[in-house]
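Participant: Any chance you can model this:
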Amino acid sequence: MDMEMEYLIHKMEKYADEKGIPIMEKDGINFLSEFVKLNNVKNVLEIGSAIGYSAINIALAKNDVTVTTIERDKDRYIQAIKNIKDANLDHRITLVLIDALDFNTDEKFDLIFIDAAKSQYLKFFNKFSKNLNDRGFIVTDNIKFHGLTFSDKTKLSRNLRQLIGKLEKYIDFLKNNKEFKTRFFDIGDGIAISRRRINKNEKNDIKNK
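Facilitator: Down below sits the predicted model:
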């Protein structure tokens, strides 16, 4: 990564911090970028663009990666468009302004990255798993949710308890899913990587550092 790109990434991180916009933690994005390289990922569907931080980092991982990324917030979408153009990646990153649950495509992807509304994770997984290539991956961020999943929630607000409850339900869904196998990584804010099973006895071949 050249100095100009490093400056842009740093500027995006600072902007997100100042505006209170959640972006993937540094350890997490480094892990995801390396994962894209190791597993020869060519095309990615991202649910939740925010300001384009993760889409840009994914595209920078390999010169042949294309990203379709979905964002429903207009202000974040506009900022993401600017950042992607500044990174000269608008020829490889397609940004769509729409609620992900209203987005439909017949395209198949090597990797689907879920990093949007936590309460909708299960719906996102079920909706977009049909768009996954046979040996593709579904990557989910924020599995730990700042250490609040499967923790004492007595002092939390009702809304937060409900959100975490839905996230825990999603984690249980991944653990008990008979169609997909999932590995959980204690990196960043917690990452889950799911891959469709070929047979019940297959070995786990998800490559990571």
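Participant: neighbouring contacts of the strand or helix carrying A59?
Facilitator: Here A59, judged by DSSP states H and E, is contained in helix 53-61. Helix 53-61 has contacts (CB atoms under 8 Å, 6 or more residues apart in numbering) with 1, 5, 8-9, 12-13, 16, 23-24, 29, 32-34, 36-37, 41, 44, 46, 49, 65-67, 69, 80, 83-84, 87, 89, 92-93, 95, 113, 115. Using the backbone N, CA and C atoms, a C-beta is placed for each residue, glycine as well.
Participant: same check, this time on stretch 117-124
Facilitator: With CB under 8 Å, 6+ apart, stretch 117-124 has contacts from 47-48, 100-101, 114, 116, 140, 142, 145, 162-163, 166-167, 169-170, 173.
Participant: Of those, which belong to helices?
Facilitator: Q162, L163, K166, L167, K169, Y170, F173 (DSSP state H).
Participant: Please convert those residues to a markdown table, extending it with neighbour count.
Facilitator: Formatted as a markdown table, the ones in helices among the contacts of stretch 117-124 follow (neighbours: other CB atoms under 10 Å):
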| residue | neighbour count |
| --- | --- |
| Q162 | 13 |
| L163 | 17 |
| K166 | 17 |
| L167 | 23 |
| K169 | 12 |
| Y170 | 23 |
| F173 | 15 |
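Participant: Can you spell out which helices and strands pack onto the helix or strand bottoming out on mean pLDDT in the chain?
Facilitator: Lowest mean confidence among the helices and strands of the chain (mean pLDDT, DSSP states H and E): helix 158-176, at a mean of 92. Counting by 3 or more CB pairs under 8 Å, 6 or more residues apart in numbering; DSSP states H and E, the packing neighbours recorded for helix 158-176 are helix 121-128, strand 180-185, strand 191-196.
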